[in-house]
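# Return a 3D structure for these sequence lines:
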Amino acid sequence: MNSGEIIISVEELTKVFDMGEVKVHALRGVNMNIQEGEFVAIMGPSGSGKSTFMNIVGCLDLPTSGEYILDGLNVKQIDKDQLARLRNRKIGFVFQTFNLLARTSALENVELPLLYNPDLKAKERREKAMNALEMVGLSKWYHHYLNQLSGGQQQRVAIARSLVNDPVIILADEPTGNLDTRTSFEVMEIFQDLNFRGKTIALVTHEADISQFAARNVMFRDGRIFKEKLVAKIKNARTELEALPEEDDIFSL
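Sure, this is the predicted structure:
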């Protein structure tokens with residue numbers, strides 16, 4: 001799905017880290033747009049600038065220079081409090097290490113971003129969190145604690161948490177990095193389903209196989225966009241899952 005409305009727009013984006021006598025140029029004039037309904041995979045080796053780029057797009061860091069427009073708002077022109085609200089309301093985050101609270105239930109983890117909205121009552125928070133868990137197939141496990149969930153289920157909780165505020169874009173940083181092949185494909189199936197429903201997704205990955213589940217690949221090198229391409233034949237995660245051998249077959253090899 002691609003409606004044409006630009007959600008993310010960066011122009012001549014730079015980021016320089018001052019390391020004392022040495023200045024590290026992490027981004028060197030990056031230009032990029034992400035449209036509503038796109039599924040973009042961002043790739044590149046360590047030190048290529050992809051993580052710095054995602055931190056800026058996620059409003060976790062500010063550029064040294066250049067323009068960043070998020071859903072029509074110029075990030076440079078708002079203060080820290082407005083930036084925090086923008087980050088909470090407009091962006092859903094999914095991380096490699098899940099970043100969940102260990103001593104709370106799946107439901108409570110998903111509710112967490114809603115606690116910053118004083119206009120929502122407890123019942124409304126619960127309803128929104130349950131709807132998000134249902135979207136990732138975990139509504140029956142809402143009361144389970146993290147030690148009762150597999151790694152794949154924990155990542156589903158993290159995805160549900162990213163959805164609960166109905167963000168304009170989901171930013172996923174190596175979301176399959178800690179998962180086996182089968183579970184990785186299950187997670188990518190969720191992302192593809194969300195994208196089919198109209199969610200805009202930008203995903204950082206170093207795995208070429210995972211990038212093929214997205215419609216556009218953007219490759220970073222030395223702080224610049226080295227290459228962009230539309231994926232000619234997008235992998236279907238459900239088809240890939242069905243083609244995998246059963247676990248019993250794997251152990252018998």
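# Now tell me what touches stretch 120-136 from outside.
With contact meaning C-beta atoms under 8 Å, 6 or more residues apart in numbering, stretch 120-136 is reached by 106-107, 110-111, 114-115, 139, 141-142, 156-157, 159-161, 163-164, 190, 194. Every residue, glycine included, has its C-beta placed from N, CA and C.
# I meant stretch 232-240, not that one.
Stretch 232-240 has contacts (C-beta under 8 Å, 6+ apart) with 185-186, 188-189, 191-192, 209, 212-215.
# residues contacting residue 159?
94, 136, 170, 175, 187, 190-191, 194 are the contacts of residue 159 under C-beta under 8 Å, 6+ apart.
# Next one: it relative to residue 92, how far apart?
Computed with C-beta to C-beta, to the nearest Å, the distance linking residue 159 and residue 92 is 8 Å.
# Pull stretch 218-226 out as CSV, backbone CA atoms only.
Output of stretch 218-226 as CSV, limited to C-alpha atoms (Å, rounded to 0.1, in the frame of the first residue of the first chain):
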residue,chain,number,x,y,z
VAL,A,218,18.1,1.4,1.1
MET,A,219,21.8,0.7,1.5
PHE,A,220,24.1,3.0,3.6
ARG,A,221,27.8,3.2,3.2
ASP,A,222,30.2,5.7,4.9
GLY,A,223,27.4,8.0,6.1
ARG,A,224,25.7,8.2,2.7
ILE,A,225,23.0,6.4,0.8
PHE,A,226,25.0,4.1,-1.4
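# Just the strands from the stretch 101-250 of the chain, written as ranges.
169-173, 201-204, 216-221, 224-230 (DSSP state E, counting those that start in this stretch).
# got these as a markdown table, with distance to residue 26 and mean neighbour count columns?
As requested, the strands of the stretch 101-250 of the chain are arranged in a markdown table below (distance: least, C-beta to C-beta, whole Å; neighbours: other C-beta atoms under 10 Å):
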| stretch | distance to residue 26 | mean neighbour count |
| --- | --- | --- |
| strand 169-173 | 15 | 23 |
| strand 201-204 | 14 | 25 |
| strand 216-221 | 10 | 19 |
| strand 224-230 | 11 | 13 |
